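Asker: Whatever this is, show me its structure:
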Amino acid sequence: MESTLIKNATLVNEGQITVADVLIEGERIVKIGTQLSAGNARVIDAEGHYLLPGIIDDQVHFRDPGLTHKGDLESESRAAIAGGITSYIDQPNTVPHAVTQELLAQKYQNALGRSYANYSFMMGGTNDNLAEILKTNPRDVAGLKLFLGSSTGDMLVDSSAAIEAIFVATPLLIAVHCEDETTVKTNLAHYKEQFGEDIPVHYHPLIRTEEACYLSSSKTVALAKKTGARLHVFHISTAKELDLFDNTLPLEEKKITAEVCIHHLWFSDADYATRGSLIKWNPAVKTAADREALWEALNDGRIDVVATDHAPHTLEEKSQVYTKAPSGGPLVQHALIAMLEAVQEGKISLEKVVEKMAHNPAVLFKIEDRGFIREGYYADLVLVNPKASWTVTKENVLYKCGWSPMEGTTFHHQVTHTFVNGTLAYEKGTVHPIPAGKRLLFNR
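Answerer: Predicted structure coming up:
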């Protein structure tokens, strides 16, 4: 059994920052303390480095199967561990859509031995697959995804009766993409009248507006309250939506939770001028005032989780006219360090970054034995050098699509080591050749 002793690390865990040693044996953390020793263990001196629990990304699109020219399980999970993400939850809008138990099982089979990070795949909901949804085992599937606004993959669920039936019947966590389809279509038609297909991309947040988001999310939150469903709202992007969420209950007691994504915290509509369709996402990146409100809600507990919505497309696809350029972009390699940059800028504390990116996803999804640095837990760990400046370039991105919306950005923290299930999966630019990812299990 392989052993590793991490010495003199600055642990950031459960609201505290302490200097300690961590002993790993096999897949698990067996001892946390000071002045630890272990006979034949590999020793890593982590003095001056942060040791964080592995980041858990609750929303990615790794494009596998069916869209693997953009990304695949190997390429995107390699990028994830290089960015300190040790577990991810992949969405069902692959090809074919994961909307039956057979298709969902095929995705899990496809991941065996291929993923460098731990994984779960969400079941997808449609207007007519309730019987399949009810067969989903909550012990080994993260939850159910509903697209209540159309996005990449044409999985729109637009029947109010079907949505309510799902909310009433399923015990699964229901994760939703909320944008009002009628509002988006009306706005798009208006701008197509003016510009044809080549709408300037800075109109994107005027097509996928605050009102489109709020109409859908408010209706969905009301339905969750009515039915008692367990609701998790993905990628909140507006200030107006934040009043829908509560910060008076501990996370374990919340029935309705919310997520914000890196791009909505990092960019604003002013960035369309320089980044163009590279920052075209659904929901759209909105105003600087919206961005500030999202930071406030993240800090005060109305928003529970930070994720990426990692969704790669090729540069050729992104370079098309507005109506054909797909929404989404790659982010897993740069999400943690972007948040650590925000720590340096005083926008959030280091402890809260760990809470929102590791602890809370584990609690919210009830992930078994992950998300914390605890004895007996899986050794999913990240070492970060807080004094290492580097600039994102095409040459150092690991995404299969070959680009990043962060290109040209200089960061001041660098992930140096990532452990996945006790395996040193990434070390100073080198990825361990054998994938160590395992299927996530849930305490439900």
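Asker: Can you give me the neighbour number for the residue nearest to Asp300 when sequence neighbours are not counted?
Answerer: Using C-beta to C-beta, 6 or more residues apart in numbering and skipping the chain neighbours, the partner closest in space to Asp300 is Asn247 (5.4 Å). C-betas here are computed from N, CA, C, even on glycine. By the measure other C-beta atoms under 10 Å, the count of residues near Asn247 is 15.
Asker: Gly301 is in contact with Asn247, correct?
Answerer: Yes: under the criterion of C-beta atoms under 8 Å, Asn247 is in contact with Gly301, at a separation of 3.5 Å.
Asker: gap between Asp140 and Leu172?
Answerer: Distance, Asp140 to Leu172, using C-beta to C-beta, to the nearest Å: 12 Å.
Asker: So for these two, which residue has more residues nearby?
Answerer: Higher neighbour count among Asp140 and Leu172: Leu172, with 23 against 15, using other C-beta under 10 Å.
Asker: Tell me how far that one lies from Met357.
Answerer: 23 Å.
Asker: from the middle of its chain, how far away would stretch 345-360 be?
Answerer: 14 Å (C-alpha atoms, centre = their mean, to the nearest Å).
Asker: Other residues contacting it?
Answerer: With C-beta atoms under 8 Å, 6 or more residues apart in numbering as the test, stretch 345-360 has contacts from 12-17, 50, 52-57, 251, 295, 298-299, 303-306, 335-336, 339-340, 342-343, 371-372.
Asker: let's see 6 Å
Answerer: 12, 15, 52-53, 55-56, 251, 295, 304-306, 339, 342-343, 371 (C-beta atoms under 6 Å, 6 or more residues apart in numbering).
Asker: again with stretch 72-86
Answerer: By C-beta under 6 Å, 6+ apart, stretch 72-86 touches 54-55, 57, 62, 64, 111, 114-117, 332-333, 335-336, 380, 382, 398-400, 415, 418, 420, 425-426, 431.
Asker: Now that stretch: buried residues?
Answerer: 72-86 (16 or more other C-beta atoms under 10 Å).
Asker: got the CA coordinates for it in PDB?
Answerer: What follows is stretch 72-86, C-alpha atoms only, in PDB (Å, rounded to 0.1, in the frame of the first residue of the first chain):
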ATOM      1  CA  ASP A  72     -13.600  14.000 -23.700                       C
ATOM      2  CA  LEU A  73     -13.400  12.400 -20.400                       C
ATOM      3  CA  GLU A  74      -9.600  12.000 -20.500                       C
ATOM      4  CA  SER A  75      -8.800  15.500 -21.800                       C
ATOM      5  CA  GLU A  76     -11.100  17.500 -19.600                       C
ATOM      6  CA  SER A  77     -10.500  15.500 -16.400                       C
ATOM      7  CA  ARG A  78      -6.800  16.000 -16.900                       C
ATOM      8  CA  ALA A  79      -7.400  19.700 -17.100                       C
ATOM      9  CA  ALA A  80      -9.600  19.500 -14.000                       C
ATOM     10  CA  ILE A  81      -6.900  17.900 -11.800                       C
ATOM     11  CA  ALA A  82      -4.300  20.400 -13.100                       C
ATOM     12  CA  GLY A  83      -6.700  23.000 -11.700                       C
ATOM     13  CA  GLY A  84      -7.200  21.200  -8.400                       C
ATOM     14  CA  ILE A  85     -10.700  19.800  -9.200                       C
ATOM     15  CA  THR A  86     -10.700  16.200  -8.000                       C
END
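Asker: any idea of the mean pLDDT in it?
Answerer: Stretch 72-86 shows a mean pLDDT of 98.
Asker: Run the chain-centre distance for it.
Answerer: 12 Å.
Asker: Top of the contacts of stretch 345-360 by number of neighbours, please.
Answerer: Ile55 (32 neighbours).
Asker: from what I can see Gly66 touches Thr94, true?
Answerer: Yes: contact criterion C-beta atoms under 6 Å: Gly66 and Thr94 qualify, at 5.2 Å.
Asker: Compare the two and say which is more crowded by neighbours.
Answerer: Thr94 (23 against 13).
Asker: Give me the secondary structure label for the more buried one.
Answerer: Under DSSP: H, G, I helix; E, B strand; the rest coil, the three-state class of Thr94 is coil.
Asker: same deal with Ile89?
Answerer: With three-state DSSP as the basis, Ile89 sits in strand.
Asker: Show the end-to-end separation of stretch 382-392, please.
Answerer: End-to-end distance for stretch 382-392: 20 Å, by C-alpha to C-alpha, to the nearest Å.
Asker: Renumber starting at 45 from here on
Answerer: Understood, numbering begins at 45; the last thing we discussed is stretch 426-436.
Asker: Can you list the buried residues in that stretch?
Answerer: In stretch 426-436, counting by 16+ other C-beta under 10 Å, buried: 426-429, 436.
Asker: how about CSV for those, with distance to His279 added?
Answerer: Conversion of the buried residues of stretch 426-436 to CSV gives the following (distance: C-beta to C-beta, whole Å):
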residue, distance to His279
Val426, 23
Leu427, 29
Val428, 25
Asn429, 30
Val436, 22
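Asker: Which two among these are spaced furthest apart?
Answerer: Leu427 and Val436 (19.7 Å; C-beta to C-beta).
Asker: For the closest residue to Thr467 other than its chain neighbours, give its distance to Ile100.
Answerer: Nearest residue to Thr467, sequence neighbours excluded (C-beta to C-beta, 6+ apart): Ala480, at 3.8 Å. Remark: distance between Ala480 and Ile100 (C-beta to C-beta) = 16 Å.
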